[in-house]
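A.B. asks: pasting the structure only:
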């Protein structure tokens, strides 16, 4: 590469480059936990603690009375099935019944819950509630769906879908050829430069959609909506009567992962999930029993009970958890996990602030079973520097007379909040249930409609085909002659069809390439990110672009200054942070020259920019 093509001139350490720029309060006064890109859904980090939990109890209250306009919210979670039915009334909403069925799923080789497992879990929960032929809304999350953010220039719908599928390939962990991809255009002021518009790309695995619909049908439900959980919170935002433009973030802490969704009023603006959840806290409690001088065996059920009943963070450290294990010892294992959840959430909100500079999250709403850990809301509040509240039962909601224990409902409502938000779903902005499927479900569930439809089809077919039965022999001869002529023409036009197909493919690739290449790197963000993650012992003295390819790739050259630890370890840690940053991907180390006498080293690496 010619010297004139290199973007050098950085012959000093990266932090000094920004010494004259204003300091940005990005919420990282505390050292953030190393984690994934904000767009990634399956981060690489330490091996997760996996355990098998036996089936627990079923909590049920309310008679679930029938109502023509009621929708049953069905939350298919990683640890339990939750049902909530909300009936509309002139005063608002009435909680007509709720259920929590503690049953763990059985997963297949692809990481999805098996078809038999999801059908059985949903059917048992619906049967326990005594429900039949109800309209329902289901959500899916986790490995079944991926939601990412991207900006595209104005283009026709067909080209937008193709560009979105191309963009989604960079992030999803499953095969996009076996997935449905939808786009949702974010409304509001343009934030990114040019005429681009921000979109959410939703990629859902076809098999997950099929299994969820089969579970609803197998339980006797009419599935009117199947949507990612991130889009279900719209009803929850509106239910509180806050029809303003405030920016609120819903942090949903589930069993195996946490999802951060940002809403402006009732409009979704951002979504990201990461794989740390309540099971990680349970696993930390189990590990605490084996980490100190006196070994204490703790079962998953005991760990769940400890997690829900003992304040391991702010409670007395001398409190006995089990045998010789104290709350202080268990808390020392739990605190890093909670810190990881908080810091990953802060990283998500920081990335949102970078994308939408004029918007600031003023309220954080905690949801999911993971927030029932004592002290977690306070733990979030001390680190968020924002108002933090728990998704509680709205005071304006009424309770049906069949509910016997309102206090139990209020206590467990954070776990039920997903199902409650789904029960408010009427016209979802993203729905993976085909319209024909909704109609067919309603017809199948209604025997009179089914009989009338069958009779109409048979009668119509008889009337139409009877007069034409005598024309069948002549039509067969005509079809044979036309087929012979068609084969002759296809043989003559085969070469032209191949050329036409290649021409259309090249034109399509050119259109998509123009749409993708219109993006430009955020150089200020790139350099600030390098400044943030570069260790004190490393000086980057040269950074330059590689050619003019899209997306852009850069080469960084630097030196590890003498110190107490091996330079190779410092380099590996630094490259790991680069790879985990939302600005870089495909990090490749090029050279390393080690000076064993001074414990220093010169090195270089290549990485591709994300924008």
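C.D. replies: Thanks, I have it. Just so it is clear, the model here is predicted, and its values are computed rather than measured.
A.B. asks: which ones are touching the residue lying closest to residue 61 once chain neighbours are set aside?
C.D. replies: Distances taken as CB to CB, 6 or more residues apart in numbering put residue 403 closest to residue 61, at 5.2 Å, once the chain neighbours are dropped. For the C-beta atoms, the positions are set from N, CA and C on the backbone; glycine is no exception. Neighbouring residues of residue 403 by CB atoms under 8 Å, 6 or more residues apart in numbering: 61, 62, 95, 97, 409.
A.B. asks: So which of the residues you listed is the closest to residue 540?
C.D. replies: residue 409 (56.3 Å; CB to CB).
A.B. asks: wouldn't the closest one be in contact with residue 97 here?
C.D. replies: No. Counting by CB atoms under 8 Å, residue 409 does not reach residue 97; the two are 10.0 Å apart.
A.B. asks: Between those two, tell me which one has more neighbours.
C.D. replies: Shown here are residue 409 and residue 97; by other CB atoms under 10 Å, residue 97 has more neighbours (23 against 19).
A.B. asks: right, and the helix or strand after the helix or strand harbouring the more buried one?
C.D. replies: Here residue 97, judged by DSSP states H and E, is contained in strand 92-101. Downstream of strand 92-101, the next assigned helix or strand under DSSP H and E is helix 115-129.
A.B. asks: Give me the buried positions along that next one.
C.D. replies: For helix 115-129, a neighbour-count test (16 or more other CB atoms under 10 Å) marks 117, 118, 119, 120, 121, 122, 123, 124, 125, 126, 129 as buried.
A.B. asks: Which strands or helices does it pack on?
C.D. replies: strand 58-61, strand 71-76, strand 81-89, strand 92-101, helix 206-218 (3 or more CB pairs under 8 Å, 6 or more residues apart in numbering; DSSP states H and E).
A.B. asks: Going by neighbour count, list what's buried in the strand or helix carrying residue 183.
C.D. replies: Here residue 183 sits within strand 179-185, counting by DSSP H and E. Using 16+ other CB under 10 Å as the test for burial, strand 179-185 gives 179, 181, 182, 183, 184.
A.B. asks: ok and it relative to helix 206-218, angle-wise?
C.D. replies: Put simply, strand 179-185 runs at 90 degrees to helix 206-218, going by axes from the mean of the first three to the mean of the last three CA atoms, to 10 degrees.
A.B. asks: From the rest of the structure, what touches strand 179-185?
C.D. replies: Contacts of strand 179-185 (CB under 8 Å, 6+ apart): 160-161, 164-165, 168, 172, 197-206, 209, 231, 268, 429-430, 432.
A.B. asks: how near is residue 76 to residue 223?
C.D. replies: With distances taken as CB to CB, to the nearest Å, residue 76 is found 12 Å from residue 223.
A.B. asks: Find residues that contact each of the two.
C.D. replies: 138, 212.
A.B. asks: of these two, who's got more company?
C.D. replies: Taking other CB under 10 Å, residue 76 and residue 223 do not tie; residue 76 has more neighbours (26 against 23).
A.B. asks: Make sure that one is actually in contact with residue 138.
C.D. replies: Yes. In this structure, residue 76 is within contact of residue 138 by CB under 8 Å, at 6.5 Å.
A.B. asks: Show me the common contact partners of these two, please.
C.D. replies: 212, 215.
A.B. asks: Does the residue nearest to residue 61 fall in a helix, a strand, or a coil region?
C.D. replies: Following DSSP: H, G, I helix; E, B strand; the rest coil, the label given to residue 403 is coil.
A.B. asks: Among the contacts of strand 179-185, which ones are in strands?
C.D. replies: The subset of these located in strands under the criterion DSSP state E comprises 197, 198, 199, 200, 201, 202, 203, 204, 205, 268.
A.B. asks: And the furthest pair within these?
C.D. replies: Largest pairwise distance in the ones in strands among the contacts of strand 179-185, by CB to CB, is 26.4 Å, between 197 and 205.
A.B. asks: neighbour count winner among those two?
C.D. replies: Between residue 197 and residue 205, residue 205 has the larger neighbour count (other CB under 10 Å), namely 23 against 19.
A.B. asks: how close does the more buried one sit to residue 377?
C.D. replies: Residue 205 is 34 Å from residue 377, by CB to CB.
A.B. asks: middle-most residue in the protein, spatially?
C.D. replies: residue 273 (4.4 Å; CA atoms, centre = their mean).
A.B. asks: Next, count neighbours for residue 395.
C.D. replies: Neighbour number of residue 395 under other CB under 10 Å is 6.
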